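**Q** I would like the atomic coordinates for the input below:
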Amino acid sequence: MPATERSAQLLVALLAGAAAAHAVAPKLFDATVPEALPGTARAWTRGSGVVELLLAAGVAVPQTRRVSALATAAFFAAVFPANVKMAYDWRHRKAPLKALAYARLPLQAPLVLWAAKVGRDAAR
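**A** I've put the predicted structure just below:
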């Protein structure tokens, strides 16, 4: 399998896994939804899980990979405020948990860049 295809399939797995996690453990994700957003945290959790599943399906199909991967990059950027909220909320937790929350912040940029690269590398 070529590296570009392997990268796309790994992105599919990440998105599908995240979608499953939203369905299996929604309370963890509810807590990261910024209060400024309208509606309930659970609605945002469910909605983001559905979006991740749709993005995974789109990236999995070569004909829709380009647009879906670029949409994934935008999605990864859009959920960054949830990571900021988690880091803020966990600032008083024990060091390992606080480190985990803080580590998510700089990791978002490589996710955005990875999805954008999968989009650029997709057949046009």
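**Q** use CA for all of it now, contacts and neighbours both
**A** Noted.
**Q** what comes into contact with the strand or helix carrying Pro81?
**A** Secondary structure assignment for Pro81, by DSSP states H and E: helix 80-89. Here helix 80-89 makes contact (C-alpha atoms under 8 Å, 6 or more residues apart in numbering) with 31-34, 98, 101-102, 104-105, 108.
**Q** For Lys117, the count of nearby residues, please.
**A** Each residue near Lys117 was counted by other C-alpha atoms under 10 Å, and the total is 18.
**Q** Now for it, which secondary structure element holds it?
**A** helix 95-121.
**Q** Report all helices and strands that that helix contacts.
**A** Using 3 or more C-alpha pairs under 8 Å, 6 or more residues apart in numbering; DSSP states H and E, the elements in contact with helix 95-121 are helix 3-24, helix 62-78, helix 80-89.
**Q** hang on, the earlier thing: give me the distance from the helix holding Pro81 to the chain's centre.
**A** Averaged C-alpha coordinates place helix 80-89 at 13 Å from its chain's average position (C-alpha atoms, centre = their mean, to the nearest Å).
**Q** what's the residue most central in space within the chain in contact with, if anything?
**A** Of all residues in the chain, the one closest to the mean position by C-alpha atoms, centre = their mean is Phe76, 4.9 Å from it. The contact partners of Phe76, taken as C-alpha under 8 Å, 6+ apart, are 108, 111-112.
**Q** and of the helices and strands packed on helix 95-121, who's closest to Ala122?
**A** Minimum separation from Ala122 across the helices and strands packed on helix 95-121 (C-alpha to C-alpha) falls at helix 62-78, 5.2 Å.
**Q** where are the low-confidence patches of the chain?
**A** 124 (pLDDT under 70).
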